[in-house]
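Chemist: Let's see this in three dimensions:
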Amino acid sequence: MSEDVHLSQICMDFGSFRAVNNVEVTIKSGEFFSFLGPSGCGKTTILRLISGFMDPTGGAVKIGGKDMKGIRPNARPTALIFQNLALFPLMPVWENITFGLEVRGVAKEVRRAKAEELLQLVDLHDSADKKISQLSGGQKQRVAIARALAVEPKVMLLDEPLSALDLKLRQHMRAELRAIQKRTGVTFIYITHDQGEALAMSDRVGVMSQGVLQQVATPQEIYNNPVNEFVASFVGENNVIGGKVKSVTGGIASFETAKGTFSAKLGPNVAVGDVSKLFVRPEFCSLGSSTDAKENSIPVEVTEIAFEGNFVNVFVRDGSGDTHMVQVQNDPATPPPALHTTCHMAFNPSSCMILSEAVNGRSGH
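Modeler: Down below sits the predicted model:
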């Protein structure tokens, strides 16, 4: 029911502008894979190259080992769900779902049976004869998914399909999409700029910037071990301290900064003498007295406390005037320090990382 997708050194040029630069990745059969990145990074262009709406200016798109060069979109084993869904308002739900089968000349009773089967799959079993206007945003989303599945694609392509939904519904639909993908076993390739979506749903994530694939890894690996400054900055919050790598012993570097010398894990492509940056996530920092301080610690003053429900963001300022954030659990038994308290922000060497700049294919680095 599914196929793998191999992007072999694909490039896409629009005049002198390179939107996709030598992207090389294999998306495994039955995998939920997300391309994550800011607007204009090339992720939607990649989706269009896979679906056949564009031909790459370099490299090859292979689906199930077969080169897709010259194969039109309707002849590829793919189905594409756009942001706007493009459902037909005058057709009942079941006809919307089986429109692709009708075009292929499938008999009405066969189409109706297929629609009922897919409506069960997307948990809309009582909606076959409803009009599209009678459905909620989340239900319309499911109809679009069922319609895409009706033509039995080997690869499902989804271009930011949840972006128009409100936060609560988006979170619910993440779980729905993941469950549908697991039940069908179809390869899902998902495009998003929302890191929460990518981390929550995907088996693996490809983070993109300026047409270049910066890192491909599991969500946990992307979050805990980013390969460069761009990935660390784009995925999640970070406190960042600039400095220079002084020495390295057993993978742990001594990092010299204006705020003191810190111990941290050394990221890829960083060497002794390099001017780089230390990244530490707010949830890996703690606030306490100097006697509680771990190996890495900075004297700070609490300047702001932001209550977020299940956690509290505590903003602190160091002696250089730079602001950092410490995230603590909302636990009335151990409240965060009060405003204007002076204390130490501390973090373990194993929880922070020294990283270099992002790979930028445009300048040839």
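
Chemist: got the residue ranges for the helices in the stretch 51-200 of the chain?
Modeler: 93-97, 99-103, 108-121, 137-150, 167-184, 195-201 (DSSP state H, counting those that start in this stretch).

Chemist: Deepest-packed of the ones you listed, please.
Modeler: Across the helices of the stretch 51-200 of the chain, averaging neighbours per residue (mean count of other Cβ atoms under 10 Å) puts helix 93-97 on top, at a mean of 24. All C-beta spots, glycine's among them, are computed from the backbone N, C-alpha and C.

Chemist: Quick check: mean pLDDT of it?
Modeler: Across helix 93-97, pLDDT averages out at 93.

Chemist: tell me what that helix is packed against?
Modeler: helix 108-121, helix 137-150 (3 or more Cβ pairs under 8 Å, 6 or more residues apart in numbering; DSSP states H and E).

Chemist: So which residues make contact with the last one?
Modeler: For helix 137-150, the surrounding residues in contact (Cβ atoms under 8 Å, 6 or more residues apart in numbering) are 79-81, 85-87, 93, 96-101, 114-115, 118-119, 121-124, 127, 132, 135, 156, 161-162, 164-166, 169, 172-173, 176-177, 180, 184, 186.

Chemist: between it and helix 167-184, how many degrees?
Modeler: 20 degrees (axes from the mean of the first three to the mean of the last three Cα atoms, to 10 degrees).

Chemist: wait, what's in contact with Thr44?
Modeler: Asp159, Glu160, Ile191.

Chemist: My read is that the last one contacts Lys43, right?
Modeler: Spelled out, it's Ile191. Yes. Assessed by Cβ atoms under 8 Å, Ile191 is found in contact with Lys43 at 4.8 Å.

Chemist: These two: which has the busier surroundings?
Modeler: When Ile191 and Lys43 are compared for neighbours, Lys43 comes out ahead with 28 against 23, by other Cβ atoms under 10 Å.

Chemist: residues touching the more buried one, list them.
Modeler: Taking Cβ under 8 Å, 6+ apart, we find Lys43 in contact with Phe35, Leu36, Gly37, Ile191, Met208.

Chemist: Show me which of the residues you listed is closest to Glu237.
Modeler: Of all the contacts of Lys43, Leu36 has the smallest distance to Glu237: 15.8 Å, by Cβ to Cβ.

Chemist: any idea of the mean pLDDT in stretch 115-135?
Modeler: For stretch 115-135, the mean per-residue pLDDT is 90.

Chemist: List the contacts of that stretch.
Modeler: Contact with stretch 115-135 is made by 87-89, 91-98, 112, 139-140, 142-143, 145-146, 149-150, 176, 180, 183-184, as judged by Cβ under 8 Å, 6+ apart.

Chemist: if you set the cut-off to 6 Å instead, what comes out?
Modeler: Residues outside stretch 115-135 that contact it (Cβ atoms under 6 Å, 6 or more residues apart in numbering) are Leu87, Pro89, Pro92, Val93, Trp94, Ile97, Thr98, Arg142, Ile145, Ala146, Leu149, Ala150.

Chemist: Thank you, goodbye.
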